[in-house]
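>>> build me a model:
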Amino acid sequence: MRRVTVRLPFPVLRAVSWPVAVLLYGLFVVPGEAGRRHGRKRLASLPLQAYRGNPLHTLWLDTFDRLSAPVEHRFMWATLEPWFTGLTVHHADEESGWHVVVEKPSPTSPPETGG
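Sure, this is the predicted structure:
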C-alpha cells in the first residue's frame, strides 16, 4: 500500500487516510477499550492500544504519517535487545513504535583516599 501512498499528493493522502483511520478505530480501538472496561481479555488485547482514550483525529494523523513516509523500518525485540546491553530494561512494548523504559546503572563512587 505504501508503494502507492508515498507518491500521492498530501491533500489526496489526507483524504485516503481518513477512512483507513475510521476503519482501524472502529475495528480495534473502540472494541479494545470496551474490552478493557468490561474485563474482556480477548477484546482488551486487540492492537492499537495506544489510541484508547485518544480522539480519532490522533489515529488519522498517525495513519497519514505512516502512509506518507517513504522509508520505514520495523524491528523485532531480538534485534533491539543488544542495543540496551548494560542497562536494566524495565519495560518494552511495540504497540505504536517501540517504547522502552530502561535504567542506567548508577556510577560507582570513586574510592576514598586518606588525607
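
>>> C-alpha from now on. contacts and neighbour counts both.
Will do.

>>> select the longest helix from the protein.
If you go by DSSP state H, the chain has its longest helix at helix 10-24.

>>> immediately after it, which helix or strand?
helix 30-37 (DSSP states H and E).

>>> can you check what angle separates that next one from helix 10-24?
Orientation check (axes from the mean of the first three to the mean of the last three C-alpha atoms, to 10 degrees): helix 30-37 against helix 10-24 gives 40 degrees.

>>> re the thing from before, mind giving me the packing neighbours of the longest helix of the chain?
Where contact means 3 or more C-alpha pairs under 8 Å, 6 or more residues apart in numbering; DSSP states H and E, helix 10-24 is packed against helix 56-68.

>>> and the helix it packs on, which residues are buried?
Leu56, Leu59, Trp60, Thr63, Phe64, Arg66, Leu67, Ser68 (16 or more other C-alpha atoms under 10 Å).

>>> what sits up against stretch 54-73?
For stretch 54-73, the external contacting residues (C-alpha atoms under 8 Å, 6 or more residues apart in numbering) are 1-2, 5-7, 10, 13-14, 17-18, 20-22, 25, 51.

>>> now do 10 Å
For stretch 54-73, the external contacting residues (C-alpha atoms under 10 Å, 6 or more residues apart in numbering) are 1-10, 13-22, 24-26, 29, 48, 50-52, 96.

>>> low pLDDT regions in the chain?
By pLDDT under 70, the weakly predicted segments of the chain are 96, 109-115.

>>> show me it divided up by domain.
Domain ranges of the chain: 2-68, 74-107, per automatic domain parsing.
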